[in-house]
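Colleague: Show me the folded form of this:
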Amino acid sequence: MGHLITLGGLDLPNLEFYEQVYPVRYLRHEQRLDNGGAGARRGGTGMRYEADVLVPATWSFRAEGLDTARGYGVRGGMTGGVGHKWIVPLAEDADEQAFVPPKYGVSHLGPARVIVDTPGGGGWGDPFARPPQLVLRDVRDEVVSVEAAARDYGVVMGADGRSIDAEATAALRAKR
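Modeller: Numbering: from 1, shown residues only. Next up is the predicted model:
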């Protein structure tokens with residue numbers, strides 16, 4: 001299981017090599033949407049990754065940081081999103097459903113998929129002070145949604161969802 005934990009951060013291992021050497025299949029590794037705390041300097045977004053362990057294995061759990069905010073905002077910044085983890089049994093005849101593993105423990109499981117959402121970092125400073133062009137970049141990079149751009153940063157996207165409506169943005173920011 002040690003090689004799976006490297007997917008929790010921005011260090012992406014050589015997946016093809018690991019899939020040849022270990023009985024695992026990596027399915028997803030991507031940044032989470034609306035997970036970094038809003039701020040003049042947005043908090044880092046967490047990651048979502050999914051991997052299948054293809055054989056029965058002994059799983060060792062240590063996940064004290066899940067389900068609780070850890071990336072606190074400062075100087076008006078917002079708190080980052082929380083982390084989550086699920087285990088989904090893969091055997092077709094398994095009676096078990098997806099479950100949240102214990103924060104600490106050891107379990108013997110058949111083939112299973114692990115799905116992990118890592119927490120986001122807290123923002124720094126007033127989110128409405130973030131330059132609209134940076135918010136636009138965040139929307140285009142799919143780490144901030146169009147809805148969160150307006151709600152959290154006061155930046156209204158154009159009808160195409162890929163540009164800024166400068167007039168509506170100025171009006172929304174002035175209301176605050």
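Colleague: ok, and for stretch 129-141, which residues are buried?
Modeller: Within stretch 129-141, the residues that count as buried by 16 or more other Cβ atoms under 10 Å are 130, 132, 135-136, 138-139. C-beta here means a position set from N, CA and C on the backbone, and glycine is covered the same way.
Colleague: Point out where this structure drops to low pLDDT.
Modeller: Along the chain, the parts satisfying pLDDT under 70 run over 1-13, 64-65, 93-94.
Colleague: mind redoing it with 90?
Modeller: Within the chain, the ranges that satisfy pLDDT under 90 run 1-18, 29-30, 46-49, 59-71, 83-85, 91-105, 116-119, 161-162, 176.
Colleague: per-domain residue ranges of it.
Modeller: As recorded under automatic domain parsing, the domains making up the chain are 2-126, 131-176.
Colleague: isn't residue 108 right next to residue 55, touching?
Modeller: No. Between residue 108 and residue 55 there is no contact under Cβ atoms under 8 Å: 11.7 Å.
Colleague: Closest to residue 81 out of the buried residues of stretch 129-141?
Modeller: residue 138 (14.3 Å; Cβ to Cβ).
Colleague: Can I take it that that closest one is in a strand?
Modeller: No. Judged by DSSP: H, G, I helix; E, B strand; the rest coil, residue 138 forms no part of a strand; its state is helix.
Colleague: on that earlier part again, looking at residue 108 and residue 55, which is more packed in?
Modeller: residue 55 (11 against 8; other Cβ atoms under 10 Å).
Colleague: can you count the residues close to the nearest residue to that one once chain neighbours are set aside?
Modeller: Distances taken as Cβ to Cβ, 6 or more residues apart in numbering place residue 23 nearest to residue 55, at 4.4 Å, with adjacent residues excluded. Around residue 23 sit 13 other residues, with neighbours defined as other Cβ under 10 Å.
Colleague: Let me see the contact set for residue 23.
Modeller: When contacts are counted by Cβ atoms under 8 Å, 6 or more residues apart in numbering, residue 23 touches 53-55.
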